[in-house]
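Colleague: Sharing a model that was predicted from the sequence below.
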Amino acid sequence: MDALTLLLNRRSLPKLLEPAPQGEVLDNIFRAGLRAPDHAALTPWRFIVSQGEGLTKLADILVEAAKADGADEATIEKASKAPFRAPMVITVVANVTENDKVPVIEQHLSAGCATQAMQMAAVAQGYAGFWRTGKWAYHPVVRESLGVHGDDLIVGFLYVGTSGCREAKVHERDLSQFVEYL
């Protein structure tokens, strides 16, 4: 698949099955993330891979967060199942370095770019993925459990696996509603 076709047809697929990418394919996904724009070469990213038992550990963290909020049983149950929507979840963390020339927001955006690049690298190699953030990414229990402190930020949970559903047509948008010229 050529790069432009990949970008113009990007979509999230909500049902992901085994297998998850492994070996060189997975390494390529990480290499793509490491090519994100990176002002001052700070490498402001950290990737935490959950698969197999790691998905259970991630689920336990989400359940702990839900219980800390006094959530009802339905919310706790939903939290316990969230990581299992794919065989692999890559938590992307903006790992911020204090720098006078590179504000925190640029480092957060760089980690977001890394997430997008990783999703596209998965698709380019025959896999699928979707990027979720949601309230758990900002929850103090989740942050602490994953070693996210200070200005560091979980920019997303990248769910990766093999497509388990038919791809819907890409919704076309009217460019005139989003593009302005000075």
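Modeller: Here it is on my side, so go on.
Colleague: CA atoms for contacts and neighbours, from now on please.
Modeller: Fine.
Colleague: The residue nearest the centre of the chain: what's it in contact with?
Modeller: Most central in the chain under C-alpha atoms, centre = their mean is residue 158, positioned 2.8 Å from the mean C-alpha point. By C-alpha atoms under 8 Å, 6 or more residues apart in numbering, the residues touching residue 158 are 89-92, 115, 119, 129-132.
Colleague: Of the residues you listed, grab the buried ones for ChimeraX.
Modeller: Filtering these down to the buried ones (16 or more other C-alpha atoms under 10 Å) takes a single ChimeraX command:
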select :89,90,91,92,115,119,129,130,131,132
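Colleague: hmm, back to that, so the residue nearest to the centre of the chain bridges to which residues?
Modeller: Residues found in beta-bridge contact with residue 158 (criterion: DSSP bridges) are residue 90, residue 131.
Colleague: which residues sit against stretch 51-60?
Modeller: Counting by C-alpha under 8 Å, 6+ apart, the neighbours of stretch 51-60 from elsewhere in the structure are 50, 79-84, 87-89.
Colleague: Can you tell me which of the residues you listed are buried?
Modeller: Of the members of these, the ones counted as buried by neighbours, 16+ other C-alpha under 10 Å, are 50, 79-81, 83-84, 87-89.
Colleague: among those, which are in helices?
Modeller: Using DSSP state H, 79-81 are the members of these that sit in helices.
Colleague: now, which of those residues sits nearest residue 107?
Modeller: Using C-alpha to C-alpha, residue 79 is the member of those that sits closest to residue 107, with 28.4 Å.
Colleague: Quick check on residue 61: phi, psi?
Modeller: Here is the backbone geometry of residue 61 (degrees, to the nearest 10): phi -60, psi -40.
Colleague: To clarify, my last question referred to residue 153.
Modeller: The main-chain torsion angles of residue 153 are listed as degrees, to the nearest 10 and equal phi -150, psi 140.
Colleague: isn't it right next to residue 108, touching?
Modeller: Yes - with contacts defined as C-alpha atoms under 8 Å, residue 153 counts as touching residue 108 at a distance of 7.0 Å.
Colleague: Distance of residue 141 relative to residue 135?
Modeller: Relative to residue 135, residue 141 is positioned 11 Å away (C-alpha to C-alpha, to the nearest Å).
Colleague: Apologies, that question was intended for residue 21.
Modeller: Counting by C-alpha to C-alpha, the gap from residue 21 to residue 135 is 27 Å.
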